[in-house]
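Q: how would this look folded up:
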Amino acid sequence: MTSAWKIRPIQPRDDAAVASIIRTVMPEFGATGDGFAINDPEVDWMQRAYSLPRSAYFVVDLGGKVVGGGGVAPLLGGEEDTCELRKMYFLRTIRGQGVGSAMLLRCLEAARAFGFRQCYLETLSGMNDAIRLYERHGFKRIGAPRGRTGHGGCNTFYLLEL
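A: Just a heads-up that it's a prediction; the model follows:
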C-alpha cells in the first residue's frame with residue numbers, strides 16, 4: 001500500500017499529536033516508567049525544544065494528520081561534533097511503508113548540515129525493526145552509553161560516522 005505521506009518540520013500545532021504518538025508507541029515496547037523518553041518534559045513542547053540551535057524535529061504528515069516523527073539535537077554531555085537521533089516513533093498504521101528510512105535520512109541530512117560528524121542513538125533490545133533500520137543505514141553498535149541523555153532505561157547504543 002502506498003500512502004501520500006510527507007515529512008515536514010514540526011510546527012507548534014503538532015505538539016499534542018507528537019506527544020500522543022510517543023506516549024502510544026513507547027508502551028508497545030515496554031518503555032514506560034523512569035529512564036525513558038516518554039517522561040521527558042519536552043514531549044509536551046517538541047516544537048519549542050527543537051527550535052534550539054543545531055536541533056531539528058520532523059513529522060510525518062498523512063493527509064493532514066501527524067502519524068510519526070523524529071529529530072536530531074546535540075548530544076547532551078557529549079562531544080561538540082556528536083548529535084543524538086531523538087524520539088523517532090511512528091504509529092503502527094504507517095510502519096512498513098518506508099517512513100522510518102525516509103525519516104532517518106532526513107534527520108541525518110539535517111545533522112550533516114548542522115556540522116555534526118557523528119550521530120548517536122539509544123534504543124531497546126526489543127525494538128527489532130528499528131535496530132535493523134539503524135544497522136541497514138550504517139549505525140554500529142557500541143558497548144556503552146554516551147553523554148547524559150537521561151534515558152537510563154535504554155540498553156542498546158549505536159553510533160554512525162557522518
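
Q: so which residues of the chain form helices?
A: 15-28, 46-49, 99-113, 128-136 (DSSP state H).

Q: got JSON lines for those helices, with distance to residue 76 and mean neighbour count too?
A: Any C-beta I mention is one placed from the backbone N, CA and C, and that applies to glycine too. Shown next, in JSON lines, are those (distance: least, CB to CB, whole Å; neighbours: other CB atoms under 10 Å):
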{"stretch": "helix 15-28", "distance to residue 76": "18", "mean neighbour count": "17"}
{"stretch": "helix 46-49", "distance to residue 76": "12", "mean neighbour count": "18"}
{"stretch": "helix 99-113", "distance to residue 76": "15", "mean neighbour count": "18"}
{"stretch": "helix 128-136", "distance to residue 76": "20", "mean neighbour count": "15"}
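
Q: out of those, which is closest to residue 159?
A: helix 128-136 (10.0 Å; CB to CB).

Q: hmm, who's touching that closest one?
A: Defining contact as CB atoms under 8 Å, 6 or more residues apart in numbering, one finds that helix 128-136 is touched by 88, 95, 100, 101, 104, 121, 123, 125, 141, 156, 158, 160.
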